[in-house]
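1. need the 3D shape of this:
(one chain, ligands or ions: 1)
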Amino acid sequence: MARYAQVHGSVALITLTNPPVNALSAAVRHGITETVTRALRDPEVKSVVICGENGVFCGGADIREFAKPMGGPPLVPMIAAIEEGDKPVVAAIEGVALGGGLELALGCHYRIAHTKALVGLPEVTLGLLPAAGGTQRLPRLIGIAPALDLITTGRHVAAQQALKLGIVDQVTDQSTVDVAIQFAKQVVGQPLLPRKLSTQPTPCPPDVDILLEEAMTQVKRRARGAIAPVACVMAVRAAATLPYRAGMQKEQELMATLFRSSQAHALQYCFFAQRAVGRWKLSSGAHSGNSKPRPVSKAAVIGLGTMGRGITVALVKAGIAVVAVETSDKQLQMGKQIVSEMLKREAQKRNETPRLDLIRFTTSMLELKDSDLVIEAVFEDMPLKKQVFKELSSVCKADAFLCTNTSGLDVDELAAVTKTPELVVGMHFFAPAHVMKLLEVVCGSRSSPEAVATAMYLGKRLGKVSVAVGNCPGFVGNRMLRPYLEEANFLLEEGATPELVDGALEEFGFAMGVFRMSDLSGLDVGWRIRKESGLTGPDVDPSDPPRRRQGQRYSPLPDLVCEQGRLGQKNGRGWYLYDKPGGRVATPDPKIHQLLEEYRLKHGIRPRRVDRQEVVERCLFALINEGFRILDDGIAAGPEDIDMIYVFGYGWPRHRGGPMFYAGMVGLPKVLERLEHYWQAHPDVPHLEPSALLRRLVDSGSPPIDTWRDFLQRPHSQL
Ligand SMILES: CC(C)(COP(=O)(O)OP(=O)(O)OC[C@H]1O[C@@H](n2cnc3c(N)ncnc32)[C@H](O)[C@@H]1OP(=O)(O)O)[C@@H](O)C(=O)NCCC(=O)NCCSC(=O)C[C@@H](O)CCCCCCCCCCCCC(=O)O
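-> Numbers count the residues shown, from 1 in each chain. You can find the predicted model right below:
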């Protein structure tokens, strides 16, 4: 797992060999320990170069090992032995040096990086901290402030910036290993002590205490309950205030707490789940391994509303030419202006020139004739979408993929009006589409493997996490959102306030509670959908009692709020009052409290005290319960798919792993027991009835999440 060679007579070349990223598995650690000892002992060897096979230095500790009992040589003494040696050791960094990989390089006396290399300490994103000396050596090398930034954010740094920061000594666009070998020969005989970071003092500015306090306040605000960033600041504080040995002791203590925490498990689960969802599989047997995407060099977007504009920007940012279509000149000009501004802002952020030349704005559908893939993003209205799809089917080339950005309408119904239903697939983006990482790829019953593969691959090109889902109302994300929203409304009826519900959800870790989120999205969106489905407005069955619709409990509260002209953040009034129309500062509104009181009085509801635990359980367990139904219905392939949809599309706190992972952490018997309890109290709320899959899993002894797929009964899988 580490190859040894003697090159140029006196240089020992040690190559890590553990593809694809040369993670520091037990075998690699063993190999490094052995080869370094050999090099240090061999009198012919005057200096050492450490590099990684296949153009990758090292992706860090082997994350898969964290779930098992740890064996093999530990990293800390292994790195100390390199640093303490009396021969210069040079790290030749190609590809990445991340986490333990960078810590290994920091234990070397010199670092040479390729221009395209990336370095960083991303442990915090896995719920950990750099515990192989990274929190103690990096501040000694580059100072407290930049080290805090890198360690608490986990961000990757490009080679040139690493050079500026002082992380690497030289950047080259030649063969890094060759340059490192020459370098290693030149530095033989130079004093090594100043290059041994553990022996150096940490450069501290006079206001270091204030700096550390500010960093702590900032991470606590940003972290929303995540413990690793807080521990990272504490470890860097130790580098600033304690000698190296005591700092290392602190690093190890903090790591021990993090290592076994549920947050670390959740974040590491997310790391692998994010990669696993790319490996999609359909019930037909088609999967990512046997279905090739077709290249998309020219795309088209129909409709330049909020979604269409974001999608256009996302495509252009990925270097794809776009034909952007609107119905009228006025709409087109407005869309053009906004898209151009968005692209300029995006380009400015990256110091690039905006690629406006990639877009052709037009009102003529005839210009779509050579597009490889079209994304329809018109108003969420089935007759209108059908009309668009009919037209697309006649103007586009015969093999063009026809995609819809619907957030929940029937993809098969749209496919049915085209001549090529096998080329129709859903691409459900999330607003703002050029920013949000999630893409639900909706597989219709007739979508071909090639269409699914192309949409999934296009999502990847756009920098999205693409998740293949089945076709049902609301697909995965929005279908699960419905019980969540309904429970929040029921809690208001029963005695809660919007701020109490939101407070509980934000404390759980959501960036925004359900009512603030609804205000942000616009309350009229749901209102229109409810009107169209006969839940409110003139089509309501007059025999329905006021708080029942279609045989179930229904809360008309959101309709009443809209009827008062409160449409959310955009007009400055929704569930909250805002500083101005479009403003972001939300304050509780006494008028909403009054509305709630009058409503309860009118309907004879005696308000009761609702606590935060009930909010979390009712809203989240209802959502999770729907997740179990989705799994059994074959709308999502596995729990990881649901979890990634919620983490990347709905602000579920990543350190809680996603709703299905969270259910496993809480304990499935507990989730079942609470749902039973609430369902008994509210028998007219079907989404509280525990799902069959949840019961089966509990009956089977609550197996771990990675085996849930074995318990699915899917006679009618939609995937
Ligand atoms: C490296 C990447 C940037 C590459 O990206 P790319 O897009 O090219 O490829 P993929 O991301 O698709 O990856 C390909 C493939 O490789 C797998 N993989 C990647 N990295 C790792 C890894 N580090 N370990 C294992 N596997 C990895 C990936 O899963 C893919 O395979 P798959 O089958 O899933 O498709 C990118 O991959 C990336 O960003 N990787 C992660 C980089 C990272 O986060 N590194 C940090 C790792 S953590 C670390 O290094 C910790 C160290 O600080 C030191 C730790 C010391 C440990 C001591 C433990 C003591 C505990 C004491 C407490 C005991 C208490 C008690 O007693 O209980």
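
2. now do the helices in the stretch 151-300 of the chain.
-> Ranges of helices in the stretch 151-300 of the chain, per DSSP state H, counting those that start in this stretch, are 159-165, 176-186, 208-223, 228-241, 244-259, 262-276.

3. burial measure for the residue of the stretch 601-719 of the chain found nearest the ligand, as a count.
-> The ligand sits closest to residue 640 of the stretch 601-719 of the chain, with a gap of 11.1 Å, by CB to the nearest ligand atom. For every residue, glycine as well, the C-beta is placed using N, CA and C. Residues near residue 640, counting by other CB atoms under 10 Å, number 27.

4. and the one 5 residues further on, by the same measure?
-> Other residues near residue 645 number 30, with proximity taken as other CB under 10 Å.

5. ok, it touching residue 440?
-> Yes - if you go by CB atoms under 8 Å, residue 645 and residue 440 touch, sitting 6.5 Å apart.

6. okay, and the common contacts of those two?
-> Residues touching both residue 645 and residue 440 (CB atoms under 8 Å, 6 or more residues apart in numbering) are 467, 469, 476-477.

7. can I get those in a markdown table with secondary structure and neighbour count?
-> Formatted as a markdown table, the shared contacts of residue 645 and residue 440 follow (DSSP: H, G, I helix; E, B strand; the rest coil; neighbours: other CB atoms under 10 Å):
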| residue | secondary structure | neighbour count |
| --- | --- | --- |
| 467 | strand | 30 |
| 469 | strand | 25 |
| 476 | coil | 27 |
| 477 | helix | 23 |
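
8. for these, which one is nearest residue 600?
-> residue 477 (31.6 Å; CB to CB).

9. can you check the pLDDT for that closest one?
-> Here the pLDDT value assigned to residue 477 is 97.

10. which parts of the stretch 451-600 of the chain are helices?
-> Using DSSP H, counting those that start in this stretch, helices in the stretch 451-600 of the chain cover 477-494, 498-508, 514-521, 523-532, 557-563, 590-602.

11. same list (the ones you listed) but as CSV, adding distance to residue 688.
-> Compiled in CSV, these are given as follows (distance: least, CB to CB, whole Å):
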stretch, distance to residue 688
helix 477-494, 8
helix 498-508, 17
helix 514-521, 17
helix 523-532, 20
helix 557-563, 18
helix 590-602, 21
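
12. among the ones you listed, which is nearest residue 707?
-> helix 477-494 (21.8 Å).

13. who in the stretch 1-150 of the chain is up against the ligand?
-> By CB under 6 Å from any ligand atom, the part of the stretch 1-150 of the chain that sits against the ligand consists of 20-21, 23, 59-64, 75, 96, 98-100, 103, 122-123, 126, 128, 130-132, 134.

14. ok so, going back, Throw the shared contacts of residue 645 and residue 440 into a markdown table and include distance to residue 224, thanks.
-> Converted to a markdown table, those look like this (distance: CB to CB, whole Å):
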| residue | distance to residue 224 |
| --- | --- |
| 467 | 23 |
| 469 | 27 |
| 476 | 23 |
| 477 | 20 |
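
15. between those residues, which sits nearest the ligand?
-> Ranked by distance to the ligand (CB to the nearest ligand atom), these are led by residue 467 at 15.2 Å.
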